[in-house]
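Asks: 3D model of this:
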Amino acid sequence: MQIYLPIAELPVDILLLLGLSVAVGFISGMFGVGGGFLMTPLLIFIGIPPAVAVATQSAQITATSTTAALFYWRRNALDLKMGGLLLCGGLAGTLLGVLFFNALRRVGQLETFITLSYVALLGATGALMLAESVRAMFMARSGRAKPARRGGRHFWYEGLPFKMRFPRSGLYVSIIPLLALSLFIGFAGAVLGIGGGFILVPALIYIFRVPTALVAGTSQFQILFSMIAATMLHAVTNQSVDLVLASLLIIGGVIGAQFGARAGIGLRAETFRFLLALLVLAVALRIGEDLVAVPREPFSATPTETAR
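Replies: Numbers count the residues shown, from 1 in each chain. Below is the predicted model of the structure:
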C-alpha cells in the first residue's frame, strides 16, 4: 500500500516503513541508542532525499527516546544529574549542527558529507567496541578477572578542573570532557540525523566508567531533549521535516522501543557491548559499500536553471 510523502515528494510503501521503524525502535530501546544511525541510512537507501531523511528522523528519535526514557526512569535506571549536564552541551551542539547542515545544503555537499561521516564514525566506534567486548567475553569465559587498575594511575581528564560529583553513578569527575562529548554528539545528531547513542553509550562505559545499568537510561534522557531541539530547528530553518513520514516512523518506533527496553534489561554487560558493536559495524560496511560500488548508470541528465 503506497502513500505519498509531501516533503520528500515521492510515494513509499506504508508496511515497509512501519516494519523498518518497529525494528529500529526495538534496537533503540534495547541498547539505549537513538536509532538514527540505522534509520537515516535505511531511509536514504529506499530513496528518501538525505536532507528530508535527516530532519524527519529527528522527530522519530524523539518519540522512541520518550518511551524508552520513561521506562528507564520508572525503573530508576538513569542518572538524572549527569543527563542534565549532558543535555546542556547537547543543546549547544544541536544549534551549531543545524547551522552547519544548512550551509552544506546550500553548497550541494550534504549527501557526500553524510555518507563519509557515517562510515568514519560507525567504523571507528564499532571496531573499538568489538575489540574490547570480545576481550571481556574471553576473560569472563576463561574465569580470568579483569586486571585491576594500578594505584596512582589516572586518565588525563581526571586532572581537569570543575569537578562534579554524581552520586547515582558513583563518579567524581570534571564536567569539561562530559560537556565536550555532549557538544560533539549534539552537533553530529543535527547534521547526520542520529541520536548519538552509539557514541555516547560506549564513551560513558569505557571512558567515564558509568555503570552499565545506568548508561542506556542516561543516554536516552540526553537524546530525547536534544532531538526535540533538532526537530524544531530543522522545521523552522529549512522546512525539511516530512510530517507524514515522521508519523509512520513514530508509530512503529514507539511500539518497537517498548519491547526493546524490556529485552535490554536482561542483557549481560559483555553481551550488550558485543551485540551493539556488531550492529554498528554492519551499518558502516553497508554504507561504505555504496562508496566503492560502480553505479548502474554512471551518467544522468537533470534539468538546470540558466541565468538570464
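
Asks: ok, which stretches of the stretch 101-250 of the chain are strands?
Replies: Along the stretch 101-250 of the chain, counting by DSSP state E, counting those that start in this stretch, strands occupy 163-166, 171-174.

Asks: helices or strands up against the last one?
Replies: What that stands for is strand 171-174. strand 163-166 (3 or more Cβ pairs under 8 Å, 6 or more residues apart in numbering; DSSP states H and E). Yep, even glycine has a C-beta here, placed from its N, CA and C like the rest.

Asks: avg pLDDT for the strand it packs on?
Replies: Summarised as a single mean, pLDDT over strand 163-166 is 85.

Asks: Who are the packing partners of it?
Replies: helix 80-107, strand 171-174.

Asks: Of all the ones you listed, which one is nearest residue 245?
Replies: When these are compared by Cβ to Cβ, helix 80-107 sits nearest residue 245, at 17.7 Å.

Asks: Buried residues in that closest one, which are they?
Replies: 82-83, 85-95, 97-98, 101-102, 104-105 (16 or more other Cβ atoms under 10 Å).

Asks: next one: stretch 172-180
Replies: 173, 175, 177-179.

Asks: show me what contacts the nearest residue to residue 3 once chain neighbours are set aside?
Replies: Nearest non-adjacent residue to residue 3, counting by Cβ to Cβ, 6 or more residues apart in numbering: residue 14, 5.2 Å away. Taking Cβ atoms under 8 Å, 6 or more residues apart in numbering as the contact definition, residue 14 lies against 1-3, 248.

Asks: before we move on, the earlier item: could I get the strands of the stretch 101-250 of the chain as JSON lines with distance to residue 112?
Replies: Converted to JSON lines, the strands of the stretch 101-250 of the chain look like this (distance: least, Cβ to Cβ, whole Å):
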{"stretch": "strand 163-166", "distance to residue 112": "40"}
{"stretch": "strand 171-174", "distance to residue 112": "36"}
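
Asks: coming back round to it: just give me the closest of the buried residues of stretch 172-180 to residue 131.
Replies: Distances from residue 131 to the buried residues of stretch 172-180, taken by Cβ to Cβ, are shortest for residue 177, at 22.0 Å.

Asks: Check what pLDDT that closest one gets.
Replies: The model's pLDDT for residue 177 equals 87.
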